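Asker: Here is a sequence with its predicted model. Questions after.
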Amino acid sequence: MTGPSPLRLITWSRRHLAVVQPMGRLDLSTHHRLLDGLLKVAAEEPGALVVNLARLEVGPAHGVGLFYRVWQRVNEWPGIPMALVAPEPELREVLLRGVLPKVMPVCATLAEAVRVCRAPPAVRQREVHLPGGDISALRARLFVTDACLDWGWHEVLGDALLIVDELVAGAVAEGSPEVWVRVRLRENRLSLSVRDRVPGTTPPAPPAVGQLALSHGRTPSAGGKICWAVLGLA
(Lines give C-alpha, C1' and ligand atoms only; values in the text may rest on other atoms or scores of the structure.)
Protein backbone atom coordinates (compact mmCIF):
# COMPACT_ATOMS: atom_id res chain seq x y z
CA MET A 1 0.00 0.00 0.00
CA THR A 2 1.34 3.41 -0.95
CA GLY A 3 1.77 5.83 1.96
CA PRO A 4 0.71 9.48 1.96
CA SER A 5 2.72 11.88 -0.17
CA PRO A 6 5.25 14.04 1.69
CA LEU A 7 4.31 17.68 2.16
CA ARG A 8 5.79 20.40 4.33
CA LEU A 9 5.18 24.12 4.60
CA ILE A 10 7.84 26.80 4.94
CA THR A 11 6.46 30.11 6.20
CA TRP A 12 8.12 33.47 6.57
CA SER A 13 7.17 37.14 6.77
CA ARG A 14 7.93 39.69 4.07
CA ARG A 15 6.92 43.22 5.00
CA HIS A 16 3.36 42.87 6.25
CA LEU A 17 2.76 39.64 4.32
CA ALA A 18 2.83 35.99 5.29
CA VAL A 19 4.51 33.93 2.55
CA VAL A 20 3.88 30.18 2.54
CA GLN A 21 5.89 27.83 0.34
CA PRO A 22 4.48 24.29 0.25
CA MET A 23 7.05 21.67 -0.72
CA GLY A 24 6.04 18.25 -2.03
CA ARG A 25 3.02 16.97 -3.89
CA LEU A 26 -0.60 18.08 -3.68
CA ASP A 27 -2.92 15.09 -4.02
CA LEU A 28 -5.78 13.48 -2.12
CA SER A 29 -3.49 12.45 0.74
CA THR A 30 -2.12 15.99 1.29
CA HIS A 31 -5.16 18.09 0.35
CA HIS A 32 -6.45 18.62 3.90
CA ARG A 33 -2.96 19.06 5.32
CA LEU A 34 -2.30 21.97 2.97
CA LEU A 35 -5.76 23.45 3.54
CA ASP A 36 -5.37 23.37 7.33
CA GLY A 37 -1.81 24.71 7.13
CA LEU A 38 -2.80 27.71 5.03
CA LEU A 39 -5.79 28.50 7.26
CA LYS A 40 -3.58 28.39 10.37
CA VAL A 41 -1.24 30.95 8.81
CA ALA A 42 -4.17 33.17 7.80
CA ALA A 43 -5.59 32.90 11.33
CA GLU A 44 -2.65 34.96 12.60
CA GLU A 45 -4.17 37.81 10.55
CA PRO A 46 -1.21 38.99 8.46
CA GLY A 47 -1.72 41.83 6.02
CA ALA A 48 -2.02 39.34 3.16
CA LEU A 49 -1.42 35.66 2.41
CA VAL A 50 0.90 34.78 -0.47
CA VAL A 51 1.24 31.12 -1.48
CA ASN A 52 4.36 30.32 -3.52
CA LEU A 53 3.84 27.19 -5.63
CA ALA A 54 7.40 27.09 -6.98
CA ARG A 55 8.22 23.80 -5.21
CA LEU A 56 4.79 22.18 -5.12
CA GLU A 57 3.71 19.56 -7.61
CA VAL A 58 0.06 20.40 -8.30
CA GLY A 59 -2.54 18.41 -10.18
CA PRO A 60 -5.08 20.75 -11.81
CA ALA A 61 -8.03 18.86 -10.34
CA HIS A 62 -6.71 19.41 -6.83
CA GLY A 63 -5.11 22.83 -7.06
CA VAL A 64 -7.86 25.09 -8.38
CA GLY A 65 -10.49 23.76 -5.99
CA LEU A 66 -8.26 23.88 -2.92
CA PHE A 67 -6.99 27.41 -3.46
CA TYR A 68 -10.48 28.69 -4.20
CA ARG A 69 -11.70 27.09 -0.96
CA VAL A 70 -8.87 28.72 0.99
CA TRP A 71 -9.76 32.09 -0.56
CA GLN A 72 -13.43 31.66 0.43
CA ARG A 73 -12.48 31.00 4.05
CA VAL A 74 -9.83 33.72 4.23
CA ASN A 75 -12.08 36.28 2.55
CA GLU A 76 -14.82 35.55 5.08
CA TRP A 77 -12.40 35.77 8.02
CA PRO A 78 -9.94 37.35 8.69
CA GLY A 79 -10.76 39.24 5.48
CA ILE A 80 -7.23 39.51 4.10
CA PRO A 81 -6.14 39.50 0.44
CA MET A 82 -4.53 36.40 -1.03
CA ALA A 83 -2.22 35.84 -4.00
CA LEU A 84 -0.69 32.81 -5.72
CA VAL A 85 2.80 32.58 -7.21
CA ALA A 86 3.06 30.05 -10.05
CA PRO A 87 6.45 30.34 -11.79
CA GLU A 88 5.80 27.29 -13.98
CA PRO A 89 4.02 28.53 -17.15
CA GLU A 90 1.88 25.41 -17.59
CA LEU A 91 0.54 25.54 -14.03
CA ARG A 92 -0.01 29.29 -14.23
CA GLU A 93 -1.99 28.85 -17.44
CA VAL A 94 -4.22 26.25 -15.79
CA LEU A 95 -4.84 28.48 -12.77
CA LEU A 96 -5.58 31.50 -14.97
CA ARG A 97 -8.23 29.60 -16.95
CA GLY A 98 -10.62 29.14 -14.07
CA VAL A 99 -12.30 31.26 -11.44
CA LEU A 100 -9.15 32.06 -9.46
CA PRO A 101 -8.09 35.23 -11.37
CA LYS A 102 -11.49 36.73 -10.53
CA VAL A 103 -10.79 36.57 -6.80
CA MET A 104 -7.00 36.72 -6.40
CA PRO A 105 -3.85 37.58 -8.37
CA VAL A 106 -2.01 34.65 -9.97
CA CYS A 107 1.56 35.90 -10.40
CA ALA A 108 4.66 34.65 -12.16
CA THR A 109 7.08 35.80 -9.44
CA LEU A 110 7.10 36.38 -5.70
CA ALA A 111 8.17 39.98 -6.26
CA GLU A 112 5.06 40.58 -8.38
CA ALA A 113 2.79 39.08 -5.70
CA VAL A 114 4.40 41.22 -2.98
CA ARG A 115 3.94 44.31 -5.13
CA VAL A 116 0.25 43.53 -5.75
CA CYS A 117 -0.41 42.99 -2.04
CA ARG A 118 1.80 45.84 -0.86
CA ALA A 119 -0.91 48.30 0.16
CA PRO A 120 -3.74 46.52 2.01
CA PRO A 121 -6.64 48.51 3.48
CA ALA A 122 -5.96 50.26 6.77
CA VAL A 123 -6.44 47.98 9.77
CA ARG A 124 -6.89 48.73 13.46
CA GLN A 125 -6.28 45.84 15.78
CA ARG A 126 -5.96 45.08 19.48
CA GLU A 127 -5.33 41.85 21.36
CA VAL A 128 -5.38 40.84 25.01
CA HIS A 129 -4.21 37.65 26.71
CA LEU A 130 -6.47 36.48 29.55
CA PRO A 131 -6.29 33.52 31.94
CA GLY A 132 -9.22 31.13 31.67
CA GLY A 133 -11.60 31.66 34.59
CA ASP A 134 -14.86 33.03 35.87
CA ILE A 135 -14.08 36.67 35.12
CA SER A 136 -12.50 36.13 31.69
CA ALA A 137 -15.70 37.04 29.85
CA LEU A 138 -16.08 40.23 31.91
CA ARG A 139 -12.51 41.29 31.18
CA ALA A 140 -13.02 40.52 27.49
CA ARG A 141 -16.14 42.71 27.41
CA LEU A 142 -14.25 45.61 29.00
CA PHE A 143 -11.46 45.18 26.47
CA VAL A 144 -13.85 45.22 23.50
CA THR A 145 -15.72 48.19 24.97
CA ASP A 146 -12.52 50.25 25.11
CA ALA A 147 -11.64 49.39 21.52
CA CYS A 148 -15.07 50.16 20.06
CA LEU A 149 -15.37 53.46 21.94
CA ASP A 150 -11.84 54.53 21.00
CA TRP A 151 -12.57 53.79 17.33
CA GLY A 152 -15.94 55.55 17.43
CA TRP A 153 -18.13 52.52 16.72
CA HIS A 154 -20.75 52.92 19.44
CA GLU A 155 -23.54 51.47 17.29
CA VAL A 156 -22.17 47.92 17.20
CA LEU A 157 -20.90 47.82 20.77
CA GLY A 158 -23.90 45.93 22.17
CA ASP A 159 -23.68 43.19 19.53
CA ALA A 160 -19.90 42.98 19.89
CA LEU A 161 -20.18 42.50 23.65
CA LEU A 162 -22.76 39.72 23.33
CA ILE A 163 -20.59 37.90 20.79
CA VAL A 164 -17.28 38.15 22.65
CA ASP A 165 -19.02 37.07 25.86
CA GLU A 166 -20.30 33.91 24.17
CA LEU A 167 -16.97 33.10 22.50
CA VAL A 168 -14.91 33.52 25.66
CA ALA A 169 -17.43 31.68 27.84
CA GLY A 170 -17.36 28.78 25.38
CA ALA A 171 -13.58 28.52 25.49
CA VAL A 172 -13.52 28.63 29.29
CA ALA A 173 -16.30 26.03 29.53
CA GLU A 174 -14.21 23.69 27.36
CA GLY A 175 -11.37 23.99 29.87
CA SER A 176 -8.94 26.30 28.10
CA PRO A 177 -6.41 27.59 30.68
CA GLU A 178 -5.99 30.85 28.75
CA VAL A 179 -7.49 32.76 25.85
CA TRP A 180 -6.38 35.46 23.45
CA VAL A 181 -9.09 37.95 22.47
CA ARG A 182 -8.56 40.01 19.34
CA VAL A 183 -10.72 42.79 17.92
CA ARG A 184 -9.98 44.01 14.41
CA LEU A 185 -11.43 46.85 12.37
CA ARG A 186 -10.92 46.63 8.62
CA GLU A 187 -12.89 48.76 6.17
CA ASN A 188 -16.57 48.16 7.05
CA ARG A 189 -16.14 45.02 9.14
CA LEU A 190 -15.41 44.47 12.81
CA SER A 191 -14.09 41.00 13.58
CA LEU A 192 -13.88 39.38 17.00
CA SER A 193 -11.84 36.28 17.62
CA VAL A 194 -10.95 34.12 20.61
CA ARG A 195 -7.99 31.76 20.42
CA ASP A 196 -7.87 28.97 22.98
CA ARG A 197 -5.71 25.99 23.87
CA VAL A 198 -8.32 23.28 23.32
CA PRO A 199 -7.78 21.60 19.95
CA GLY A 200 -10.52 19.80 18.08
CA THR A 201 -14.10 20.56 17.28
CA THR A 202 -16.48 22.66 19.32
CA PRO A 203 -20.25 22.61 19.81
CA PRO A 204 -22.32 24.73 17.40
CA ALA A 205 -22.04 28.47 17.96
CA PRO A 206 -24.62 29.91 20.38
CA PRO A 207 -27.76 31.23 18.60
CA ALA A 208 -26.88 34.81 19.53
CA VAL A 209 -23.66 34.64 17.52
CA GLY A 210 -25.40 33.31 14.43
CA GLN A 211 -28.16 35.92 14.67
CA LEU A 212 -25.89 38.93 15.15
CA ALA A 213 -22.87 38.16 12.98
CA LEU A 214 -22.52 38.46 9.22
CA SER A 215 -20.43 35.30 9.39
CA HIS A 216 -18.82 33.15 12.06
CA GLY A 217 -16.84 29.96 12.38
CA ARG A 218 -13.75 28.30 13.79
CA THR A 219 -10.26 27.73 12.45
CA PRO A 220 -7.49 25.44 13.74
CA SER A 221 -4.46 27.16 15.27
CA ALA A 222 -1.22 25.99 16.85
CA GLY A 223 -2.18 24.14 20.01
CA GLY A 224 -5.88 24.93 19.81
CA LYS A 225 -8.40 26.76 17.67
CA ILE A 226 -9.82 30.19 16.96
CA CYS A 227 -13.54 30.93 17.15
CA TRP A 228 -14.48 34.10 15.32
CA ALA A 229 -17.36 36.29 14.22
CA VAL A 230 -17.65 39.28 11.90
CA LEU A 231 -19.99 42.25 12.32
CA GLY A 232 -20.90 44.62 9.50
CA LEU A 233 -20.54 48.35 10.03
CA ALA A 234 -23.05 50.73 8.46
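Answerer: Looks like it came in fine. Numbers count the residues shown, from 1 in each chain.
Asker: So which residues of this protein form strands?
Answerer: Secondary structure of the chain, counting by DSSP state E: strands at 7-14, 17-26, 48-52, 56-58, 82-85, 106-107, 123-131, 178-186, 189-195, 215-221, 224-232.
Asker: May I ask which helix or strand of this structure has the lowest mean pLDDT?
Answerer: Lowest mean confidence among the helices and strands of the chain (mean pLDDT, DSSP states H and E): helix 60-76, at a mean of 85.
Asker: Name the surrounding residues that touch that helix.
Answerer: Residues outside helix 60-76 that contact it (C-beta atoms under 8 Å, 6 or more residues apart in numbering): 26-28, 31, 34-35, 38-39, 42, 49, 51, 53, 80, 82, 84, 91, 94-95, 98-100, 103-104, 215, 217, 219, 230. Placement of C-beta: from N, CA and C, glycine included.
Asker: now it, how far from the centre of its chain.
Answerer: Centre-to-centre, helix 60-76 and its host chain are 13 Å apart (C-alpha atoms, centre = their mean, to the nearest Å).
Asker: likewise stretch 71-90?
Answerer: 11 Å.
Asker: Ok, stretch 225-234 next?
Answerer: On C-alpha atoms, centre = their mean, the centre of stretch 225-234 falls 11 Å from the chain's centre.
Asker: what comes up buried for that stretch?
Answerer: 225-231 (16 or more other C-beta atoms under 10 Å).
Asker: what would the residues you listed look like in JSON lines with pLDDT and distance to residue 127?
Answerer: As requested, the buried residues of stretch 225-234 are exported to JSON lines (pLDDT from 0 to 100; distance: C-beta to C-beta, whole Å):
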{"residue": "225", "pLDDT": "92", "distance to residue 127": "16"}
{"residue": "226", "pLDDT": "93", "distance to residue 127": "12"}
{"residue": "227", "pLDDT": "94", "distance to residue 127": "15"}
{"residue": "228", "pLDDT": "94", "distance to residue 127": "13"}
{"residue": "229", "pLDDT": "95", "distance to residue 127": "16"}
{"residue": "230", "pLDDT": "95", "distance to residue 127": "16"}
{"residue": "231", "pLDDT": "95", "distance to residue 127": "17"}
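Asker: can you redo those as CSV with distance to residue 12?
Answerer: Listed next are the buried residues of stretch 225-234 as CSV, based on distance: C-beta to C-beta, whole Å:
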residue, distance to residue 12
225, 24
226, 21
227, 27
228, 24
229, 30
230, 28
231, 32
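Asker: and the two most separated of those residues?
Answerer: For these, the farthest-apart pair by C-beta to C-beta is 225 and 231; their separation is 20.4 Å.
Asker: Next, format the strands of the chain as a markdown table and append distance to residue 64.
Answerer: Shown next, in a markdown table, are the strands of the chain (distance: least, C-beta to C-beta, whole Å):
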| stretch | distance to residue 64 |
| --- | --- |
| strand 7-14 | 18 |
| strand 17-26 | 11 |
| strand 48-52 | 13 |
| strand 56-58 | 9 |
| strand 82-85 | 10 |
| strand 106-107 | 10 |
| strand 123-131 | 29 |
| strand 178-186 | 27 |
| strand 189-195 | 27 |
| strand 215-221 | 22 |
| strand 224-232 | 26 |
